[in-house]
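[1] just coords:
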C-alpha cells in the first residue's frame with residue numbers, strides 16, 4: 001500500500017508529498033550527526049521511495065551502498081525513521097535500477113528490514129531456520145552468527161568448546177550453568193552467544209535472547225502495561241536464556257527480576273548464558289547475589305586476537321565478500337599485512353575488509369600493500385616506530401621463507417637459503433644503522449663485500465620483479481609496525 005499513492009513524480013517514482021519535510025529533517029540530522037564527508041559518501045543519494053506496511057522503503061543506486069548502510073548504520077537510520085517519519089515498522093533498503101524501478105525482494109518488505117537483513121556475502125539461511133529465528137523471544141538474531149562461522153584460535157578455543165557443548169545439551173542437565181563469557185569489544189562474545197541461541201532454536205528448543213537494553217525495556221514495558229506476570233511466565237517457560245552485554249543492566253527492580261529469572265531457570269535445570277565485558281565480580285552495578293550466581297557457573301574469557309587468528313578471521317571475511325563480488329581479490333601478502341597491523345579486534349577487521357572492497361570496486365585498481373595501507377590508515381593504531389634489530393629481521397625472514405635462522409647464518413648455498421639470506425642482509429642495511437662489516441659479522445662472520453653484493457643484487461631485482469617488491473615491502477612494514 002502506497003502512502004499518498006496518487007502523488008507520483010514524472011519519472012514514475014513516489015512523491016513523498018507531506019512527508020518531504022520530515023524526510024529532509026531526517027537527512028539533515030544524518031548530516032549533522034555523521035559529518036558532511038560521511039553523509040556525502042553514503043547518504044547523499046539515498047531517497048525515500050514509499051511507505052509500505054508501516055515500513056519506510058528507501059533506495060540507493062548501488063548494491064555496495066545498500067550493503068554498507070545495512071552493515072554500519074542500521075540502528076541510527078531506524079531511530080531517525082521512527083522519530084522523524086513516525087514509522088514504527090523500520091526501514092528497508094532497495095537498489096534503484098536504470099529505469100528507476102526498485103529491485104524488490106521476492107519475500108516482501110518485512111523480510112527485507114535492514115535491522116534483520118544479512119550484509120553482503122552472508123550465506124542464505126534455509127527457510128525452516130528463518131522461520132524458527134522469527135519465533136524466538138527477545139532481540140533479533142543475526143543469522144550470520146553461527147557456530148560454523150565462528151573462527152576458532154588459541155584465544156577463544158575454550159569459550160567456543162563450552163558454547164558448542166552447551167548448545168547441544170540445552171534441555172538436559174549441564175555442569176556449565178550458567179555459562180558466563182567475558183571479553184573486550186569486538187572479540188566475538190556476541191557472535192558466540194547468538195550462535196548458541198540459534199543452534200538451540202535449530203534443535204527445536206524454546207529460546208529467549210536479550211541484549212541488556214531489550215531486557216530492561218521488556219520488563220519496564222510489562223510493568224507499565226500491568227502484564228509483568230505474563231512476561232515472567234514467558235521467561236520461565238523457556239529452555240535457554242541468553243543475555244548479552246549484561247554490564248548495562250540497571251535499576252533495582254530490573255536487577256531483581258534478572259536475578260529471580262536466573263535463579264528460577266537454573267534451579268529448574270534450564271540453561272543460562274550471559275555475556276559481558278568484564279568478570280562477574282567486576283559488574284559493580286549488579287546486585288552482589290546476582291554476581292555470585294553468575295560466578296558460580298563456568299566463567300570463560302575470550303582473549304585478544306593473535307596475528308594468526310586475525311588472519312583467519314580476515315580471510316573468512318574476504319572470502320565471503322568475494323562470493324558476492326567475483327572480481328574482488330586480495331592477495332595473501334596484502335591480507336597478511338592487514339592482519340599484522342590491525343591489532344585491535346574483529347570489528348576493525350570487518351572494517352578493513354569493507355574498506356579494501358570499496359577501494360577495489362570503486363577505483364578498479366589492483367590492491368597492493370600501498371593501497372591497502374591507505375585504505376585502512378584510520379584503523380591502525382598510531383605507534384612509535386620500532387627500532388629494528390638484525391636478529392628480528394633474520395627471524396622474520398626465516399619464518400616467511402620456511403627456513404631456520406641457523407640456515408641463514410650457515411654456509412649453505414642452496415637457492416632456498418641464499419635468497420632469504422640476501423633479503424635479510426638488504427633489510428639489515430635498509431632498516432638499521434649498522435655498518436656493512438657489522439652486518440657481515442651478524443650473518444655468520446661474513447665479509448662486508450658479501451653483504452654489499454647481496455644488497456646490490458636485491459636492489460637490482462626489485463626494479464624488475466614485482467612479486468619480490470611486494471614481499472620485501474611487506475617484510476618492511478611487519479618489522480616497522
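    Arrived safely, thanks for sending. These figures come from a predicted structure and were not determined experimentally.
[2] where does the prediction get shaky in the stretch 351-481 of the chain?
    Along the stretch 351-481 of the chain, segments meeting pLDDT under 70 span 381-386, 481.
[3] rerun that using 90 as the cut-off
    Of all residues in the stretch 351-481 of the chain, those with pLDDT under 90 make up the ranges 351-352, 354-355, 357-389, 400, 412-413, 415, 430-438, 462-471, 473-481.
[4] what about the helices in it?
    Assigned by DSSP state H, counting those that start in this stretch, the helices in the stretch 351-481 of the chain fall at 369-375, 390-400, 405-409, 415-431, 436-442, 448-464, 466-480.
[5] domain-wise, how is this structure divided?
    Under the assignment automatic domain parsing, the domains of the chain span 17-112, 127-302, 307-379, 390-480.
[6] okay, which residue is most central for this protein?
    residue 347 (3.6 Å; Cα atoms, centre = their mean).
[7] separation between that one and residue 405?
    For residue 347, the distance to residue 405 equals 36 Å [Cβ to Cβ, to the nearest Å]. Yep, even glycine has a C-beta here, placed from its N, CA and C like the rest.
[8] list the buried ones in the host helix or strand of residue 293?
    Using DSSP states H and E, residue 293 maps to helix 288-295. Neighbour counts over helix 288-295 (16 or more other Cβ atoms under 10 Å) mark 290-291, 293-294 as buried.
[9] what do you get for stretch 200-217?
    Per 16+ other Cβ under 10 Å, stretch 200-217 contains these buried residues: 200-203, 205-212, 214-216.
[10] in strands, which of these appear?
    If you go by DSSP state E, those have 207-211 in strands.
[11] stretch 393-406: end-to-end distance?
    13 Å (Cα to Cα, to the nearest Å).
[12] all strands of the stretch 101-250 of the chain, in order?
    Counting by DSSP state E, counting those that start in this stretch, residue ranges of the strands within the stretch 101-250 of the chain are 137-138, 179-183, 207-211, 240-244.
[13] burial-wise, tell me which of those comes out on top.
    strand 240-244 (a mean of 26; mean count of other Cβ atoms under 10 Å).
[14] for that one, packing partners?
    helix 189-202, strand 207-211, helix 212-224, helix 252-267, strand 271-276 (3 or more Cβ pairs under 8 Å, 6 or more residues apart in numbering; DSSP states H and E).
[15] on that earlier part again, between the buried residues of helix 288-295, which is closest to residue 360?
    Of all the buried residues of helix 288-295, residue 294 has the smallest distance to residue 360: 44.8 Å, by Cβ to Cβ.
[16] now the closest one: closest residue in space that isn't a chain neighbour?
    With Cβ to Cβ, 6 or more residues apart in numbering as the criterion, residue 294 has its nearest non-adjacent residue at 4.0 Å, and that residue is residue 280.
[17] might you report the residue contacts of that neighbour?
    180, 182, 291-292, 294-295, 299 (Cβ atoms under 8 Å, 6 or more residues apart in numbering).
[18] what's near enough to touch residue 187?
    155-156, 302-305, 345-346.
[19] want to try TSV for the helices of the stretch 351-481 of the chain, with distance to residue 38 and mean neighbour count as columns?
    Formatted as TSV, those follow (distance: least, Cβ to Cβ, whole Å; neighbours: other Cβ atoms under 10 Å):
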stretch	distance to residue 38	mean neighbour count
helix 369-375	16	17
helix 390-400	38	19
helix 405-409	47	17
helix 415-431	37	20
helix 436-442	48	18
helix 448-464	39	15
helix 466-480	28	16
